[in-house]
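Student: all I have is the shape, not the residue letters:
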């Protein structure tokens with residue numbers, strides 16, 4: 001880990017320690033330091049910008065309440081913050097799927113002779129074929145990930161599901177950056193080959 005990364009981790013850990021004591025200035029500093037990065041992670045999961053920004057606010061409310069639970073001896077600050085962001089973003093997607101949109105029966109004009117707008121609304125829900133295709137793709141991805149080595153699986157999970165950079169993955173796994181890059185590259189090649197053969201079959 002380079003000194004710049006060390007300094008940033010130390011600064012973030014100190015901010016979190018002060019936030020846990022109710023320090024609002026430290027909370028504002030933490031927001032300024034990491035909000036853009038966390039928003040980027042959220043947007044990889046929750047594509048709606050407005051929803052993503054709402055999730056970001058929820059995350060910082062959670063951080064304010066849960067800062068006492070951060071233990072610098074067990075996790076790097078950014079890893080802890082990223083985990084919160086990812087979980088909240090996934091929760092927002094789940095909430096979105098369970099919300100029921102309601103509309104009234106409205107006509108295009110002031111009288112009742114126009115078309116019913118409810119009848120012209122396209123459904124936002126996936127049809128059975130789309131749902132089946134998504135389930136098949138998810139199963140194929142899971143099967144292909146299972147063919148990777150434990151190290152490759154860890155790298156892919158940290159880089160693509162938790163949004164960590166290669167240097168952060170290397171730091172998390174306590175491995176050289178070159179080694180991590182090699183694991184990720186080989187993992188992506190293996191996944192591409194595996195998924196390609198799945199599609200062909």
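Tutor: Nice, I can see it. Just so we're clear, the structure is a prediction, and the values are computed from it rather than from any experiment. Residues are numbered from 1 along each chain as shown.

Student: for residue 72, phi and psi?
Tutor: phi -60, psi -20 (degrees, to the nearest 10).

Student: for it, what are its contacts?
Tutor: Applying C-beta atoms under 8 Å, 6 or more residues apart in numbering to residue 72 gives the contacts 13, 16, 17. Any C-beta I mention is one placed from the backbone N, CA and C, and that applies to glycine too.

Student: list the helices and strands the helix or strand where residue 16 lies packs on?
Tutor: Per DSSP states H and E: residue 16 is located in helix 3-20. Here helix 3-20 touches helix 24-45, helix 49-66, helix 77-98, going by 3 or more C-beta pairs under 8 Å, 6 or more residues apart in numbering; DSSP states H and E.

Student: residues touching residue 188, list them.
Tutor: Residue 188 is in contact with residue 156, counting by C-beta under 8 Å, 6+ apart.

Student: name the element it belongs to?
Tutor: Using DSSP H and E, residue 188 falls in helix 177-200.

Student: give the buried residues for that helix.
Tutor: Using 16 or more other C-beta atoms under 10 Å as the test for burial, helix 177-200 gives 180, 183, 184, 187, 188, 190, 191, 194.

Student: stretch 52-67 too?
Tutor: Along stretch 52-67, these residues count as buried under the neighbour rule (16+ other C-beta under 10 Å): 52, 55, 56, 58, 59, 60, 63, 67.

Student: does the third one touch residue 39 like I think?
Tutor: It stands for residue 56. Yes: counting by C-beta atoms under 8 Å, residue 56 touches residue 39, with 5.3 Å between them.

Student: please name the nearest non-neighbouring residue to residue 70.
Tutor: residue 16 (4.8 Å; C-beta to C-beta, 6 or more residues apart in numbering).

Student: that neighbour: neighbour count?
Tutor: Using other C-beta atoms under 10 Å, residue 16 has 23 other residues around it.

Student: what's it in contact with, if anything?
Tutor: 30, 63, 67, 70, 72, 77, 80 are the contacts of residue 16 under C-beta under 8 Å, 6+ apart.

Student: residue 55 now?
Tutor: Applying C-beta under 8 Å, 6+ apart, the residues near residue 55 are 42, 46, 85, 88, 89, 92.

Student: still on that earlier bit, among the buried residues of stretch 52-67, which one sits closest to residue 164?
Tutor: residue 59 (16.5 Å; C-beta to C-beta).

Student: please verify my assumption that the closest one contacts residue 88.
Tutor: Yes: between residue 59 and residue 88 there is a contact under C-beta under 8 Å: 5.1 Å.
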